[in-house]
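K.L.:
show me how the following folds:
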Amino acid sequence: MATDYSFFFTDTAVTDLEETLNYISAELSSPAAANKFILKLETAISAIRKFPLSGSPVENPYVKRNDIRKTLVGNYVLYYIPDQEKHQIVILRIVYGQRDREQIEKDM
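P.N.:
Okay, the predicted model is just below:
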């Protein structure tokens, strides 16, 4: 039986998450929506841990790596790298889907 991958957030992903939760909770005045987002994020990460290659590959000719994948979490895009040798998921970014993703992907 396969075991779930471990996972960790990069510092950038932690900042993304903090900013997202602050925006939803404070700027939009919706702590309940922030809680819903956390639940969606936990569900997405749980799925990725079980099926690390389930996200779509990032197809951008300017991206330096070819192993970055992405999945949607509500209106946000979660970027991650499945490291099959270490049996872990590296969460790179969590960004609002309407941002300039091409530029964000170039910077990864």
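K.L.:
at which residues are the helices of the chain located?
P.N.:
Counting by DSSP state H, the chain has helices at residues 11-22, 31-50, 101-106.
K.L.:
quick one: closest of these to Gly74.
P.N.:
Among these, the nearest to Gly74 by C-beta to C-beta is helix 31-50 (5.2 Å). For glycine as for every other residue, the C-beta is placed from the backbone atoms N, C-alpha and C.
K.L.:
what comes up buried for that closest one?
P.N.:
Ala34, Phe37, Lys40, Leu41, Ala44, Ile45, Ile48, Arg49 (16 or more other C-beta atoms under 10 Å).
K.L.:
between that helix and helix 11-22, how many degrees?
P.N.:
Here the directions of helix 31-50 and helix 11-22 differ by 150 degrees (axes from the mean of the first three to the mean of the last three C-alpha atoms, to 10 degrees).
K.L.:
which residues touch helix 31-50?
P.N.:
2, 4-7, 17, 20-21, 24-25, 54-55, 71-74, 76, 78, 80, 82, 89, 91, 94 (C-beta atoms under 8 Å, 6 or more residues apart in numbering).
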